[in-house]
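*Asks:* Sharing a model prediction with you, sequence too.
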Amino acid sequence: MDVAFLLSTMGTLIAAVPTTLGLFVLSIVFGCMLALVVVWMRVAGGPVLSRFARVYVFVFRGSPLLIQMFLVFYGLGQFAVIRQSPLWPALREPFFCAVLSLALCNAGYSAEIFRAGLKAVSPREIAAGRAIGMSGFLLVRRIIAPIALRHALPAYSTEIVLMVKSTALASLVTVWEVTGVAQRLISHTYRTMEVFLCAAAIYLILNFVLLQAMAYLEYRLSAHRRAPAIATGH
């Protein structure tokens, strides 16, 4: 085993981690915000908006992310109205096209996860909150949101892990994140096994850290389910 080559490769790939993290964080943030809008449309937006939300979820969950990314990257520039819009300087950049396609796809999956979390909130708990005089915002903050988040968190943590791995597709639209840099190294060195092992190790570390953070958040949200410590005396 060529340790020197592995260390050199790991150093090169680590330099691309900020790009991978940028893709991941931006796509999760925008995807989460869009998912909340889609959930509102589905739950309280009326028949027209609800149908639109259903179609949105069906399209982005039912089609491959790679095709969505190609359509955003190669397709948007074919419309003159987009090329003449103020958004064009950003949309012609591969990084922002990758973020947009990842966020749109993430929103489709996250919306269904959040909706399932909302359905897990018992109507009796909402009625109890209203009975003691909670306003709408306070009801959401103290009862609905914590319960829905607690139920949605296991599935959402899986979606987050999938999004980390999905950032690898950005290399196909010339975004040089970890996988893209790995492929470029392979084209120069022809050492596929060593390079991809280093890349896999980086993704494993990133996902391990994220899963630990999500597990800690789930632990904090489930404090009421833990048995209280029993004091022992002598």
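*Replies:* Here it is on my side, so go on. Numbers count the residues shown, from 1 in each chain.
*Asks:* Show me the shaky parts of this structure.
*Replies:* Scanning the chain for pLDDT under 70 picks out 1, 223-234.
*Asks:* host element of the residue minimising distance to the centre of it?
*Replies:* In the chain, the C-alpha nearest the mean C-alpha coordinate belongs to Ile28, at 3.7 Å (Cα atoms, centre = their mean). Assigning secondary structure by DSSP states H and E places Ile28 in helix 17-44.
*Asks:* and the helix or strand harbouring Leu185, what does it pack onto?
*Replies:* Assigned by DSSP H and E, Leu185 belongs to helix 178-189. Helices and strands touching helix 178-189, by 3 or more Cβ pairs under 8 Å, 6 or more residues apart in numbering; DSSP states H and E, are helix 3-14, helix 17-44, helix 192-221. Backbone N, C-alpha and C define where each C-beta goes, glycine included.
*Asks:* Residues in contact with the shortest one: which ones?
*Replies:* Going back to what we said before, that points to helix 3-14. 178, 181-182, 185, 189, 191, 194-195, 197-199, 201-202 (Cβ atoms under 8 Å, 6 or more residues apart in numbering).
*Asks:* Please report which of those has the highest neighbour count.
*Replies:* Ranked by neighbour count (other Cβ atoms under 10 Å), the contacts of helix 3-14 have Val178 at the top, with 28 neighbours.
*Asks:* Pull the contacting residues for it.
*Replies:* Val178 neighbours (Cβ under 8 Å, 6+ apart): 13, 16-17, 19-20, 167-168, 199, 202-203.
*Asks:* Over to Ala111?
*Replies:* Counted by Cβ under 8 Å, 6+ apart, Ala111 has contacts 34-36, 38-39, 42, 53, 56-57.
*Asks:* go again using 10 Å as the cut-off
*Replies:* 31-32, 34-42, 53, 56-57, 60-61 (Cβ atoms under 10 Å, 6 or more residues apart in numbering).
*Asks:* What of Ala128?
*Replies:* Residues in contact with Ala128, defined by Cβ under 10 Å, 6+ apart, are 122, 134, 139, 143.
*Asks:* Relative to Phe95, how far out is the nearest residue to the second one once chain neighbours are set aside?
*Replies:* Read that as Met134. With Cβ to Cβ, 6 or more residues apart in numbering as the criterion, Met134 has its nearest non-adjacent residue at 6.7 Å, and that residue is Arg142. Arg142 is 39 Å from Phe95, where distance means Cβ to Cβ, to the nearest Å.
*Asks:* what's the answer for Ser27, then?
*Replies:* Computed with Cβ to Cβ, the distance linking Ser27 and Phe95 is 11 Å.
*Asks:* same thing with Phe79?
*Replies:* Counting by Cβ to Cβ - Phe79 and Phe95 are separated by 20 Å.
*Asks:* The two: who's more crowded?
*Replies:* Phe95 (18 against 11).
*Asks:* circling back to that earlier point, reformat the helices and strands packed on helix 178-189 as JSON lines; add distance to Gly117.
*Replies:* What follows is these, written out as JSON lines (distance: least, Cβ to Cβ, whole Å):
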{"stretch": "helix 3-14", "distance to Gly117": "35"}
{"stretch": "helix 17-44", "distance to Gly117": "9"}
{"stretch": "helix 192-221", "distance to Gly117": "11"}
